[in-house]
Each structure stands twice: as C-alpha cells, then as structure tokens.
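Undergrad: need the 3D shape of this:
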Amino acid sequence: MPATDAERRERFEALAAEVVEPVRRYLVRRTDPDTAEDVLADTLLVCWRRLDEVPEPSLPWVYGVAKNSLANAQRGERRQRRVTARIAVVDPPPEATREADEPDPRVSLALAALRKEEAELLRLWAFEQLGPSEIAQALEITPNAASIRLHRARQKFVDEMRKIDAAGGHGQVEGGSDR
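TA: The predicted structure is shown next:
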C-alpha cells in the first residue's frame, strides 16, 4: 500500500532533520557558501523525489546525491564562465574565497598534492567521519575497494605531510591509526 502524503511528508522531514547539517558542512568544505546552499536544496529535492529509494542508513547515500549535485552545479558554473568569457572583454571577477575548515595550511597542501579521488576519500573519512562501508555507498564503489583506496590515500597523505614538514623544518608526522 503506497504511503499517504502525510506519511511521506513525515518521513522526508525526519530525513531532512538528520542530514541537513552534515551535508551542509560537506558542501561548504567543497564550494562557496551560496553554492553550498543551492546544492543542498537540489540534494533535498532529489531526496524528496526518490524518498522510496533512500536506504538506511541514509547519510552516506545522501552524500552521494550531494556529490553528484555539486558536480552538476560546477559543470553549470564552468559553462557560465565560458559564456561570460566569450561575451566580456574584461577578465571575469576572481573566484569568491571561502573559509578553510582545515586549521593547518599543511593539510590543504597535502590534500592538494593528492589525486582528486584520493582527497575526496580522505575528506569523507576525516571530515564527514564515514567508515569504509559508508564511503563505498557515497562513492558507489565496493566496501573492499573503499578500504583499499582509503588505506592507500592515507599513506600518500602521510607521505605528503612528511615532504611538507621536511621542506618547512617541522617535526615528523606520525602515521595515522585506523578507526
């Protein structure tokens, strides 16, 4: 028997209450605050439309939706910039700066030195505090692949931090522990 409108609304409201703040933090770490809010709205719209498909636990699935919605927004932004560049004679305005969630600039440098996919794995693990099976769901890969890729990405991150520390005269970084 299909859910009534009231049941559907109640289920969506519970889902939104659970995921809004974690997904907002996820998006703000990856884009400017205005785009993050737009993408959050798009993500919630997808959740509403696909409410019957939302698994339990829902947050990793919603991170995957947010990742795809952000990619769509970024593609649209790139198209808009290309059109603006063709029309405008002057340089486009500089990208809006965003506040970094990483207090240590070395973290940003080390993440920037990694492949985009490796950095995303580490952000999901460290910032969003997802385990390998949840990361697998968010990235649409197998849990085994997520574990292996996470292990390799963490090792590369530690290596990059060591390089940064060696270049800057900081103390050595110790290898991280598994959760």
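
Undergrad: give the buried residues for the helix or strand of the chain with the lowest mean pLDDT.
TA: Sorting the helices and strands of the chain by mean pLDDT, DSSP states H and E puts helix 59-87 at the bottom, at a mean of 85. Residues of helix 59-87 classed as buried by neighbour count (16 or more other CB atoms under 10 Å): Leu59, Pro60, Trp61, Val62, Tyr63, Gly64, Val65, Ala66, Lys67, Ser69, Leu70, Ala73. Backbone N, C-alpha and C define where each C-beta goes, glycine included.

Undergrad: for Ala119, see how far away Ala112 is.
TA: Distance of Ala112 to Ala119, given as CB to CB, to the nearest Å: 7 Å.

Undergrad: shared neighbours, the two?
TA: Shared contacts of Ala112 and Ala119 (CB atoms under 8 Å, 6 or more residues apart in numbering): none.

Undergrad: low-confidence ranges in this structure?
TA: When residues are selected by pLDDT under 70, those of the chain lie in 1, 83-103, 169-179.

Undergrad: tell me the domain ranges of it?
TA: The record's domain parsing of the chain by automatic domain parsing lists 1-97, 100-171.

Undergrad: can you show me the strands along this protein?
TA: For the chain, applying DSSP state E gives no strands.

Undergrad: tell me where it has helices.
TA: Remark: helices assigned in the chain by DSSP state H are 5-28, 33-49, 59-87, 105-113, 116-126, 132-139, 143-168.

Undergrad: mean neighbour count, those helices: which tops it?
TA: Mean neighbour count (mean count of other CB atoms under 10 Å) peaks for helix 132-139 among the helices of the chain, with a mean of 21.

Undergrad: tell me the contacts of the closest residue in space to Ala73 that isn't next to it in sequence?
TA: In space, Ala73 comes closest to Val39 once its chain neighbours are excluded; the distance is 5.2 Å by CB to CB, 6 or more residues apart in numbering. With contact set as CB under 8 Å, 6+ apart, Val39 has these partners: Leu27, Thr31, Ala66, Ser69, Leu70, Ala73.

Undergrad: just Leu15 next, same as before
TA: Going by CB under 8 Å, 6+ apart, Leu15 touches Cys47, Leu51, Val54, Ser58, Val62.

Undergrad: the second one contacts Arg11, doesn't it?
TA: Yes: assessed by CB atoms under 8 Å, Leu51 is found in contact with Arg11 at 6.3 Å.

Undergrad: what's near enough to touch the residue positioned nearest the centre of the chain?
TA: Closest to where the C-alpha atoms of the chain average out (CA atoms, centre = their mean) is Tyr26, at 4.9 Å. Going by CB under 8 Å, 6+ apart, Tyr26 touches Tyr63, Ala66, Phe127, Glu128.
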